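A.B. asks: The following block contains a protein sequence and its predicted model.
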Amino acid sequence: MGLFSAISEWSNGRYEKKVAKMRELGKCPDCNGHGIEVMPYEHFFSSPYECPSCAGTGQFSDWMK
Ligand SMILES: [Zn+2]
């Protein structure tokens, strides 16, 4: 549990920092404002799909909804 918990806290902290930065930029933190997400593993040969977090707008305000 200890190691997993530590990694989990570490990645949560990183994500929060990223969210704070992207909020300043006004961009969706999940797709970096691109509006699309690319999954390099499962969808390697398929085209990118619309970011589900911001519905493809890339706006932080939409990500908040
Ligand atoms: Zn997005």
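C.D. replies: Cool, the structure landed.

A.B. asks: and the closest residue to Ala55 other than its chain neighbours, what is it in contact with?
C.D. replies: Distance criterion CB to CB, 6 or more residues apart in numbering; nearest residue to Ala55, sequence neighbours excluded, is Asp62 at 5.9 Å. For glycine as for every other residue, the C-beta is placed from the backbone atoms N, C-alpha and C. Counting by CB atoms under 8 Å, 6 or more residues apart in numbering, Asp62 makes contact with 28, 54-55.

A.B. asks: On the secondary structure side, give me the element for Asp62.
C.D. replies: Assessed by DSSP states H and E, Asp62 sits inside helix 60-64.

A.B. asks: Contacts only, for Gly26.
C.D. replies: Contact analysis of Gly26 by CB under 8 Å, 6+ apart lists 33, 59-61.

A.B. asks: Give me the buried subset of those.
C.D. replies: 33, 59-60 (16 or more other CB atoms under 10 Å).

A.B. asks: how about Ser5, secondary structure?
C.D. replies: Under DSSP: H, G, I helix; E, B strand; the rest coil, the three-state class of Ser5 is helix.

A.B. asks: could you pull out the helices for the protein?
C.D. replies: Ranges of helices within the chain are 2-25, 60-64, based on DSSP state H.

A.B. asks: With just CA atoms, put the first one into PDB.
C.D. replies: Okay, so that is helix 2-25. Extracted C-alpha coordinates of helix 2-25, given in PDB (Å, rounded to 0.1, in the frame of the first residue of the first chain):
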ATOM      1  CA  GLY A   2       2.800   2.400   0.900                       C
ATOM      2  CA  LEU A   3       4.400   2.600  -2.400                       C
ATOM      3  CA  PHE A   4       1.200   2.800  -4.400                       C
ATOM      4  CA  SER A   5      -0.100   5.400  -2.100                       C
ATOM      5  CA  ALA A   6       3.000   7.500  -2.500                       C
ATOM      6  CA  ILE A   7       2.900   7.300  -6.300                       C
ATOM      7  CA  SER A   8      -0.800   8.200  -6.200                       C
ATOM      8  CA  GLU A   9      -0.200  11.200  -4.100                       C
ATOM      9  CA  TRP A  10       2.700  12.300  -6.300                       C
ATOM     10  CA  SER A  11       0.700  12.000  -9.500                       C
ATOM     11  CA  ASN A  12      -2.300  13.800  -7.900                       C
ATOM     12  CA  GLY A  13       0.000  16.600  -6.900                       C
ATOM     13  CA  ARG A  14       1.400  16.900 -10.400                       C
ATOM     14  CA  TYR A  15      -2.100  16.900 -11.900                       C
ATOM     15  CA  GLU A  16      -3.200  19.700  -9.600                       C
ATOM     16  CA  LYS A  17      -0.200  21.800 -10.500                       C
ATOM     17  CA  LYS A  18      -1.000  21.200 -14.200                       C
ATOM     18  CA  VAL A  19      -4.600  22.200 -13.700                       C
ATOM     19  CA  ALA A  20      -3.600  25.400 -11.900                       C
ATOM     20  CA  LYS A  21      -1.300  26.300 -14.800                       C
ATOM     21  CA  MET A  22      -3.800  25.500 -17.400                       C
ATOM     22  CA  ARG A  23      -6.400  27.500 -15.600                       C
ATOM     23  CA  GLU A  24      -4.100  30.600 -16.000                       C
ATOM     24  CA  LEU A  25      -3.800  29.800 -19.700                       C
END
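
A.B. asks: Cool, thanks, signing off.
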